[in-house]
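*Asks:* Fold the following.
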Amino acid sequence: ILLDKDGKRKHTRPTFSGQQIFALEKTFEQTKYLAGPERARLAYSLGMTESQVKVWFQNRRSKWRKKHAAEMATAKKKQDSETERLKGASENEEEDDDYNKPLDPNSDDEKITQLLKKHKPGGGGLLLHPPEGEASV
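*Replies:* Predicted coordinates for the structure are as follows:
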């Protein structure tokens, strides 16, 4: 029995053996909640009190929820970033629709120049007509 500085009994934390923890974890994998008779049987078979088993399961569920919530948050972030990436790609595809359409022979050179500037790396446009005195390539 441990005593604190005022001479009162100090609560000690139980330490469970590896076998007890293994059995508790295996049971937890199968069911997250134990009914009274199941808890009593498990406690008896492991040499623990029902209260210890009950508290262990409460703590284990809390740990499981936190881990599950973190995994769900990570999955949601991943899904959101993928959605944003796909959304950006579809917006680019919409812009490319104008670029991929056959040119209207009646359209003006300004519209063609804007399309070329928009889709050329670096934003530079192609020269439609070479300057005077230069040969086209």
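
*Asks:* contacts, neighbours, all on C-alpha from now
*Replies:* OK.

*Asks:* can you pull out the strands in the protein?
*Replies:* 2-3, 9-10 (DSSP state E).

*Asks:* Out of the ones you listed, which gets nearest to Ala40?
*Replies:* strand 9-10 (26.8 Å; Cα to Cα).

*Asks:* any idea of the mean pLDDT for the closest one?
*Replies:* On average, the pLDDT along strand 9-10 is 77.

*Asks:* List the strands paired with it, with their directions.
*Replies:* Pairing partners of strand 9-10, with direction, according to DSSP bridges: strand 2-3 (antiparallel).

*Asks:* Residues in contact with the partner strand: which ones?
*Replies:* Contacts to strand 2-3, defined as Cα atoms under 8 Å, 6 or more residues apart in numbering, come from residues Arg9, Lys10, His11, Thr12.

*Asks:* related to what we said a few turns ago, columns distance to Lys26 and mean neighbour count on top of the strands of the chain, output as JSON lines?
*Replies:* Converted to JSON lines, the strands of the chain look like this (distance: least, Cα to Cα, whole Å; neighbours: other Cα atoms under 10 Å):
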{"stretch": "strand 2-3", "distance to Lys26": "33", "mean neighbour count": "10"}
{"stretch": "strand 9-10", "distance to Lys26": "32", "mean neighbour count": "12"}
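
*Asks:* Format the ones you listed as TSV; extra columns: distance to Ala70.
*Replies:* Listed next are the strands of the chain as TSV, based on distance: least, Cα to Cα, whole Å:
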stretch	distance to Ala70
strand 2-3	38
strand 9-10	35
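
*Asks:* quick one, which of those is nearest to Leu34?
*Replies:* strand 9-10 (29.5 Å).
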